[in-house]
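> here is my input; please provide its structure:
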Amino acid sequence: MNTHGIPRSAAAVSRFALLLLLTAAIHPACAPEETAGGAAKGTSKVFLIGIDAGDWYLLDPLIEQGRLPHIKKLIDNGTRSLLMTILPTSSPIIWNSIATGKTMDKHGITNFARMVDGEYQPYTSNLVRARTLWDLLNEEGVKTNVVGWWTTWPAQALDGKMVSSYVSLTQRGWKGSVVTDIPNQTYPVALFDEITPLIKKAKEELPGRIERIFGEVGENELNEATRSNFEDTKWCLLSDEIFHQAALYVQGKYPAPFFAVYLGGIDVLGHRFWKYMEPWASVEYVVTEEERKQFGKCILNYYELVDGFVGDFMALADEDTTFILVSDHGMKAYPPSSNPYIADRSGAHDNAEAGIILLSGKNIEKNRRLKRPPNIYDIAPTILYLMGHPVDEAMDGRVLMNAIVEEFEAGRPVQMKRYADKPQSEEGFIQSEGDAELIERLRALGYLK
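Just a heads-up that it's a prediction; the model follows:
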């Protein structure tokens, strides 16, 4: 017998082949048996967790210190690597590339906003030209749940549930969230009423979260720049908590084989507070000892918070689930920008600092590091393959076969399919309150000229 349990002798092989022929005659070829939600039996369910600006540079020391037990468990049971990214390291571009497996010229999202007739207009979900993972999986009969992903407002109809990411400058920040008095933030629409109590709960718990990240902060004692950074961070912390709560509710009550959630807080804190964590790497900034003590650990504390979120998502999974943790880029210390609006941005990713990828589950190689780092386009093809479905021929990535166990690969060659193109919207961008404020904020931050 070999390691797969197949007889070695010629006679035994002949008997084995005859048995297969008889079995095929009795049971004609058919589609793979499916489980609830459309997942092919024997393949993986997939939980995709997006962690903006996640970086092994900070993750690894925290793991060694025992501060990230849930991510450590996934690493021990999986494969990790750097994840190569692109320039510009713009969140809307990269997270749409991760969701579609395609370059920005194919999915159509090339910045935070586009220029039309001399004016900037924010990108909305109907302007994403390529089909996303959840589109393709729905076509294959797989239910999907998506929470907080970039460029998903207004929430699209899908076989599953969606909590979209809406950007509102009326509540600070420019990362997406769920806000009041804006239509079509969920699909179905009635889902918004179900998650409304979670928004209230997140707001009530926000002071405790802030204290966990920053300790007690005397806001009246902060200088203007630090106070502004602190306010931006509170907004993003609330957004992540809303998405965390909404994701647990949606996937817990309406489980789907494919589940995706996005968390943006690490990126926000890194931009604003890196100089306090590594003042020696940010010598151009003036950091007092008191400021270092107050803010020097907040980024690392946020990683711990995200690890807790990951643990909560793990509690929703079963043994057939593959976890994929990804970031769009990493981050490191940068000198002050020449743009006066972002002169205090001490952490950045202007040179396409590599992000992270971590795959974990029974169909993934254990405790492995990939020698050849994958890129952002490889995630979507790999998810389709793990879930037992063809890869879109138009995707720009590859399946990460070197991360997948041989037992799963056996008898499962990568199949390609030319999926139909996404019908193009004739509507143009969908306007909402706060668009003008958003454009001015993005221009001030240097993201738009």
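
> pull the contacting residues for Ser81.
Contacts for Ser81 were tallied using CB atoms under 8 Å, 6 or more residues apart in numbering; they are 356-357, 369-370, 373-374, 403. Glycine gets a C-beta too; all of them are placed from N, C-alpha and C.

> for it, give the beta-bridge partners.
Counting by DSSP bridges, Ser81 forms beta bridges with Ile357.

> so where do the helices sit in the stretch 1-150 of the chain?
In the stretch 1-150 of the chain, the helices defined using DSSP state H, counting those that start in this stretch lie at 10-26, 56-64, 69-76, 91-100, 104-107, 133-139.

> ranking those by mean pLDDT, which is last?
When the helices of the stretch 1-150 of the chain are compared on mean pLDDT, helix 10-26 scores lowest, with a mean of 36.

> buried among the contacts of Ser81? Make that a PyMOL selection.
To isolate the buried members of those in PyMOL, using 16 or more other CB atoms under 10 Å:
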select buried, resi 356+357+370+374+403
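
> let me know the closest of the contacts of Ser81 to Asp318.
Ala403 (20.3 Å; CB to CB).

> distance from stretch 91-106 to the middle of the chain?
Chain-centre distance of stretch 91-106: 12 Å, with CA atoms, centre = their mean, to the nearest Å.

> tell me the buried residues in that stretch?
Under the neighbour-count criterion of 16+ other CB under 10 Å, stretch 91-106 has 91-104, 106 buried.

> output the lowest mean pLDDT helix or strand found in this protein.
None of the helices or strands of the chain scores lower by mean pLDDT, DSSP states H and E than helix 10-26, at a mean of 36.

> Tyr419: which of the contacts of Ser81 is nearest?
Using CB to CB, these come closest to Tyr419 at Pro374, 21.6 Å.

> could you find the closest non-adjacent residue to the closest one?
Spatially, and ignoring its direct neighbours in sequence, Pro374 is nearest to Leu400 (5.5 Å; CB to CB, 6 or more residues apart in numbering).

> let me know the pLDDT of that neighbour.
In this model, Leu400 is scored at 98, pLDDT.

> now the one 3 residues further on
The per-residue pLDDT reported for Ala403 equals 98.

> which stretches of the stretch 201-350 of the chain form helices?
Counting by DSSP H, counting those that start in this stretch, the helices of the stretch 201-350 of the chain are 224-253, 265-277, 289-295, 298-314.

> including mean pLDDT and mean neighbour count, could those go into TSV?
As requested, the helices of the stretch 201-350 of the chain are exported to TSV (pLDDT from 0 to 100; neighbours: other CB atoms under 10 Å):
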stretch	mean pLDDT	mean neighbour count
helix 224-253	92	20
helix 265-277	95	25
helix 289-295	93	16
helix 298-314	98	20
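
> make a markdown table from these and add distance to Asp421 to it.
Formatted as a markdown table, these follow (distance: least, CB to CB, whole Å):
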| stretch | distance to Asp421 |
| --- | --- |
| helix 224-253 | 29 |
| helix 265-277 | 32 |
| helix 289-295 | 48 |
| helix 298-314 | 32 |
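
> these: which one's closest to Thr124?
Per CB to CB, nearest to Thr124 of these: helix 224-253, 18.2 Å.

> Lys297: neighbour count?
Lys297 sits with 17 neighbouring residues when counted by other CB atoms under 10 Å.

> so how far is Val326 from it?
Using CB to CB, to the nearest Å, Lys297 is found at 25 Å from Val326.

> for Tyr419, same thing?
For Tyr419 relative to Val326 (CB to CB), the value is 22 Å.

> the two - which one has more neighbours?
Neighbour tally, Tyr419 and Val326, criterion other CB under 10 Å: the higher count belongs to Val326, 23 against 19.

> residue contacts, that one?
48-51, 54, 83, 98, 355-358, 376, 379.

> residue ranges of each domain in the protein, please.
1-30, 43-444 (automatic domain parsing).

> tell me which of these sits most buried.
domain 43-444 (a mean of 19; mean count of other CB atoms under 10 Å).

> what residue is smack in the middle of this structure?
Residue closest to the average C-alpha location in the chain (CA atoms, centre = their mean): Gly50, at 1.8 Å.

> so what's that residue closest to, chain neighbours aside?
Nearest one to Gly50, counting by CB to CB, 6+ apart, is Tyr262 at 4.1 Å.

> OK, contacts around the one you found?
50, 52, 95, 147-150, 165, 243.

> which parts of the stretch 251-400 of the chain are strands?
Using DSSP state E, counting those that start in this stretch, the strands of the stretch 251-400 of the chain run over 258-263, 321-326, 332-333, 347-348, 355-360, 368-369, 391-392.

> quick check, nearest of the contacts of Val326 to Glu231?
Closest to Glu231, out of all of the contacts of Val326 and judged by CB to CB, is Ile51, at 22.6 Å.

> if the closest one is in a bridge, with which residues?
Going by DSSP bridges, Ile51 forms beta bridges with Leu263.

> so it touches Ile266, yeah?
Yes - between Ile51 and Ile266 a contact is recorded at 6.2 Å, counting by CB atoms under 8 Å.

> which residues are in contact with both of the two?
Counting by CB under 8 Å, 6+ apart, the shared contacts of Ile51 and Ile266 are 306, 327.

> quick one on the thing from earlier: for the helices of the stretch 201-350 of the chain, which one sits closest to Arg114?
So among the helices of the stretch 201-350 of the chain, helix 265-277 is nearest, using CB to CB, at 22.1 Å.
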